[in-house]
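> would you be able to build a 3D model of this:
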Amino acid sequence: MSKVAITLYGREYFVSCDPGDEDRLREVVKIVEARMRKVAERAGSTITDPRLFMLTCLGLADELYELRQNSERSQRQEEDIMVAAVDHLKRRIEDIASMVGHA
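Numbers count the residues shown, from 1 in each chain. You can find the predicted model right below:
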């Protein structure tokens, strides 16, 4: 495991990650940091750090939930399209086989 120093909202933390994942972790930290700054701007200067972390986590979890819902919806639509395509091809093959049988 690698130890990486990260900074979130002015506080330094040491986080373990798999070797080679350090850059990915840093990119994730940028996402969280940006979201924290947005939440802090909206909440005002009196927000406590625990509340800021909680609101940031809820916002990110809500975004993840929405992405999962969209992904599942897209997957169902793609499956429906594939089933329709297979049904169409099956009918075409049956039609062609019927024409060949009459020839």
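
> when you work out contacts or count neighbours from here on, use the C-alpha atoms and nothing else.
Will do.

> from the contact counts, what lies against the helix or strand hosting Cys57?
Per DSSP states H and E, Cys57 falls inside helix 49-102. In terms of contacts (3 or more CA pairs under 8 Å, 6 or more residues apart in numbering; DSSP states H and E), helix 49-102 is packed against helix 22-43.

> so what does the helix it packs on touch, helix or strand wise?
Counting contacts by 3+ CA pairs under 8 Å, 6+ apart, helix 22-43 is packed against strand 2-8, helix 49-102.

> out of those, deepest packed?
strand 2-8 (a mean of 14; mean count of other CA atoms under 10 Å).

> which other helices and strands contact that one?
Applying 3+ CA pairs under 8 Å, 6+ apart, one finds that strand 2-8 contacts strand 11-17, helix 22-43.

> thinking again about what came up before, tell me the mean pLDDT for the helix holding Cys57?
Mean pLDDT, computed over helix 49-102, is 93.

> quick revisit: distance to Gly20 for the helices and strands packed on helix 22-43 - can I get that in CSV?
Converted to CSV, the helices and strands packed on helix 22-43 look like this (distance: least, CA to CA, whole Å):
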stretch, distance to Gly20
strand 2-8, 8
helix 49-102, 24
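
> quick one, which of those is nearest to Glu33?
In terms of CA to CA, the element of the helices and strands packed on helix 22-43 nearest to Glu33 is strand 2-8, at 5.7 Å.

> which residues does Asp95 contact?
Contacts here follow CA atoms under 8 Å, 6 or more residues apart in numbering; on that basis Asp95 touches nothing.

> Glu79 versus that one, what's the distance?
Here Asp95 is placed at a distance of 24 Å from Glu79 (CA to CA, to the nearest Å).

> swap in Gly101?
For Gly101, the distance to Glu79 - CA to CA - is 33 Å.

> on that earlier part again, for Asp23, which of the helices and strands packed on helix 22-43 is the nearest?
Of these, nearest to Asp23 by CA to CA is strand 2-8, at 9.8 Å.
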